[in-house]
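> Quick one: sequence plus predicted model below, questions after.
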Amino acid sequence: MTKISRFGVSLNKDILDKFDRLINDQEYPTRSKAIEDLINFYISGENLTNDTTSVIGTINIIYDHHKRELLKKLTDIQHDFQEIIVSSQHIHVSHHDCFEIIIVKGLKKEIEKLFSRVKGTKGIQNASLNMFSV
């Protein structure tokens, strides 16, 4: 069983009121749970400063699938990085636009290299990378 520690925090009342409204809107069960999530997020971010950190995450892209040679280029890039790609999902947003989620797991530096190749491909309209240390 996880050991629980209690501690006190002093905050500006206006900041605490804004925080309470925010966590209420997000339906947190307690202020403690919201603070725990913030601390975990901060710790996870600190772990991402090392290129050799093992991470899991997603690469999210939006593109026009009618763009000449784009699908071939994306497939070729993904084949070059198949050792860190766990899965991908392709979603049709409109007649022209597609949304693709690429789930990745591996070293941070390799995932960032894959992301750079994908986002730099001509025809990608938008791209984002989300990572968490494991």
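Ah, there it is.
> need the strands for the chain, in chain order.
Using DSSP state E, the strands assigned to the chain run over residues 54-64, 85-92, 97-107, 124-133.
> partner residues bridging Gly57?
Under DSSP bridges, the beta-bridge partners of Gly57 are Val104, Met131.
> List the contacts of it.
By C-beta atoms under 8 Å, 6 or more residues apart in numbering, the residues touching Gly57 are Ile103, Val104, Lys105, Ile111, Leu129, Asn130, Met131, Phe132. Placement of C-beta: from N, CA and C, glycine included.
> Tell me if I'm right that Asp60 and Ala127 touch.
For residue 60 the amino acid is Asn, not Asp. Yes - using C-beta atoms under 8 Å, Asn60 is in contact with Ala127, at 6.8 Å.
> related to what we said a few turns ago, pull out the buried residues from the contacts of Gly57.
Val104, Lys105, Ile111, Leu129, Met131 (16 or more other C-beta atoms under 10 Å).
> Name the residues that touch the helix or strand of the chain with the lowest mean pLDDT?
Lowest by mean pLDDT, DSSP states H and E among the helices and strands of the chain is helix 31-47, with a mean of 87. With C-beta under 8 Å, 6+ apart as the test, helix 31-47 has contacts from Val9, Phe19, Asp20, Ile23, Gln26, Tyr28, Thr53, Phe132, Ser133.
> What is the burial count for the nearest residue to the fourth one once chain neighbours are set aside?
This points to Ile23. Nearest in space to Ile23, with sequence neighbours left out and distances taken as C-beta to C-beta, 6 or more residues apart in numbering, is Ala34 at 4.2 Å. As a burial measure, Ala34 scores 17 neighbours (other C-beta atoms under 10 Å).
> can you check the one 3 residues further on too?
Here the neighbour count serves as a burial measure; for Asp37 (other C-beta under 10 Å) it reads 13.
> Look at the closest residue to Leu74 other than its chain neighbours and say how many residues are nearby.
In space, and not counting its chain neighbours, Leu74 is closest to Thr121: 6.5 Å by C-beta to C-beta, 6+ apart. Other residues near Thr121 number 18, with proximity taken as other C-beta under 10 Å.
> for this structure, which spans come out with low pLDDT?
Along the chain, no part satisfies pLDDT under 70.
> Tell me the spacing between the residue sitting nearest the centre point of it and Ile56.
The chain has Asn130 as the residue nearest its centroid, 1.6 Å off, counting by C-alpha atoms, centre = their mean. Using C-beta to C-beta, to the nearest Å, Asn130 is found at 10 Å from Ile56.
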